[in-house]
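Student: what follows is a predicted structure for the sequence shown.
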Amino acid sequence: MTEKNLTVRYFAYFRDLAGTSEERVALAAATTGDLFDALRERLSFDEPRQHCKVAVNDVLTDWQHSLADGDTVLLFPPVAGG
């Protein structure tokens, strides 16, 4: 799998774990799910991906979305509220 240069924007819980709201990463991730799994390992978070939301280039998508070099991925943790 070829590495892709991606910009990852973190929100709330993910931002706290990453220690930044945005970073550039180079990873061999074919899909948003692959990226999530790689970041979960690197940042040691335990939130299941099915509880989270993801967007690519500002459009909400699913965990099977194919990534392209240069994409911007936004990661949203579960939102609590009522």
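Tutor: It's in.
Student: for stretch 56-73, give me every contacting residue.
Tutor: 4-9, 29-36, 49-50, 53-55, 74 (CB atoms under 8 Å, 6 or more residues apart in numbering). Just so you know, the C-beta spots here come from the backbone N, C-alpha and C atoms, and that holds for glycine as well.
Student: in that stretch, what's buried?
Tutor: Neighbour-count burial for stretch 56-73 flags 56, 61, 63, 65, 67, 71, 73 (criterion: 16 or more other CB atoms under 10 Å).
Student: give the contact list for Val54.
Tutor: Contacts of Val54 (CB under 8 Å, 6+ apart): 32, 36, 60-63, 65, 73-76.
Student: give me that answer again for 10 Å
Tutor: Applying CB atoms under 10 Å, 6 or more residues apart in numbering, we find Val54 in contact with 31-33, 35-36, 60-63, 65, 73-76.
Student: got the phi/psi numbers for it?
Tutor: The phi/psi pair for Val54 (degrees, to the nearest 10) reads phi -140, psi 140.
Student: can I get the buried residues of stretch 56-73 in TSV with distance to Leu43 and secondary structure?
Tutor: Formatted as TSV, the buried residues of stretch 56-73 follow (distance: CB to CB, whole Å; DSSP: H, G, I helix; E, B strand; the rest coil):
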residue	distance to Leu43	secondary structure
Val56	19	strand
Thr61	21	strand
Trp63	17	coil
His65	20	coil
Leu67	18	coil
Asp71	19	coil
Val73	14	strand
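Student: determine which two of those residues are furthest apart.
Tutor: Using CB to CB, the two most remote members of the buried residues of stretch 56-73 are Trp63 and Asp71, lying 14.3 Å apart.
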